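1. Got a predicted structure here, sequence first:
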Amino acid sequence: MDREVLRAAVVGALADVEAVQKKLTGLLADIDGTAFSVNIPRQGLWTREQVSLLWGRVQHLAGVRALFEVAVERAGATVTFTEVLERSGLDERQQRNEHARLSRVAAELFGEKRWPIENWQGSYNGNSGKSEMLYRMDPQVADWWRGLTS
């Protein structure tokens, strides 16, 4: 099979899987009586209950708490890994380890590594010699999180 045809088929299949996941998450929210959900780009649909369940398992991690705090303070805006690192006071390696732990807990709870925070790799910075991770929290998710921590 031609490589481009195969690639197109895989991309199409991934889109189908994402559509099914969104549908099933929505149905689960309907069943739970929490029909309101937020679609986080590349992270799927999230309900308040899912955010609460995840937060209950990771709130003891200083790096995760810093990620959520900075993202909530600037809900809807882009936050950098450097900003999260400054808030947490952890070294870069430990901060990354805690983000990895957040992914593992999410996978245990929801069957996949996903966050209620959009995240993506930024462009290459010639000065630092690396690409920085970027984060954005939906304002509705920020409101849910504030309700969990107040």
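-> Yes, it's here.
2. Any idea which helix or strand in this structure has the lowest mean pLDDT?
-> Every helix and strand of the chain was ranked by mean pLDDT, DSSP states H and E. The lowest is helix 3-32, at a mean of 72.
3. Just the buried residues of the helix or strand just after that helix, please?
-> Next helix or strand after helix 3-32 toward the C-terminus (DSSP states H and E): strand 38-40. Going by neighbour count (16 or more other C-beta atoms under 10 Å), the buried part of strand 38-40 is 38, 40. All C-beta spots, glycine's among them, are computed from the backbone N, C-alpha and C.
4. Note down every partner strand of strand 38-40 and its orientation.
-> Next to strand 38-40 in the sheet, as set by DSSP bridges, lie strand 44-46 (antiparallel).
5. So which elements touch the following helix or strand past the strand it pairs with?
-> As assigned by DSSP H and E, the chain's next helix or strand after strand 44-46 is helix 48-58. For helix 48-58, the packing partners by 3 or more C-beta pairs under 8 Å, 6 or more residues apart in numbering; DSSP states H and E come out as helix 92-110, helix 139-149.
6. Let's have those in JSON lines, adding mean neighbour count, mean pLDDT and distance to residue 2.
-> Formatted as JSON lines, those follow (neighbours: other C-beta atoms under 10 Å; pLDDT from 0 to 100; distance: least, C-beta to C-beta, whole Å):
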{"stretch": "helix 92-110", "mean neighbour count": "16", "mean pLDDT": "97", "distance to residue 2": "34"}
{"stretch": "helix 139-149", "mean neighbour count": "16", "mean pLDDT": "95", "distance to residue 2": "41"}
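7. how about these in a markdown table, adding distance to residue 62?
-> Below are the helices and strands packed on helix 48-58 laid out as a markdown table (distance: least, C-beta to C-beta, whole Å):
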| stretch | distance to residue 62 |
| --- | --- |
| helix 92-110 | 7 |
| helix 139-149 | 14 |
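8. Quick one, which of these gets closest to residue 85.
-> Among the helices and strands packed on helix 48-58, the nearest to residue 85 by C-beta to C-beta is helix 92-110 (5.3 Å).
9. Send me the closest one as PDB with only the CA atoms.
-> The C-alpha coordinates for helix 92-110 follow below in PDB (Å, rounded to 0.1, in the frame of the first residue of the first chain):
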ATOM      1  CA  GLU A  92      12.400  20.900  35.700                       C
ATOM      2  CA  ARG A  93      12.800  17.100  36.000                       C
ATOM      3  CA  GLN A  94      10.500  16.800  39.000                       C
ATOM      4  CA  GLN A  95       7.900  19.100  37.400                       C
ATOM      5  CA  ARG A  96       7.900  16.800  34.300                       C
ATOM      6  CA  ASN A  97       7.700  13.800  36.500                       C
ATOM      7  CA  GLU A  98       4.600  15.200  38.200                       C
ATOM      8  CA  HIS A  99       3.000  15.900  34.800                       C
ATOM      9  CA  ALA A 100       3.700  12.300  33.900                       C
ATOM     10  CA  ARG A 101       2.000  11.200  37.100                       C
ATOM     11  CA  LEU A 102      -1.000  13.300  36.200                       C
ATOM     12  CA  SER A 103      -1.200  11.400  32.900                       C
ATOM     13  CA  ARG A 104      -0.800   8.000  34.600                       C
ATOM     14  CA  VAL A 105      -3.600   8.800  37.000                       C
ATOM     15  CA  ALA A 106      -5.900  10.000  34.200                       C
ATOM     16  CA  ALA A 107      -5.100   6.700  32.300                       C
ATOM     17  CA  GLU A 108      -6.000   4.700  35.400                       C
ATOM     18  CA  LEU A 109      -9.300   6.600  35.800                       C
ATOM     19  CA  PHE A 110     -10.400   7.100  32.300                       C
END
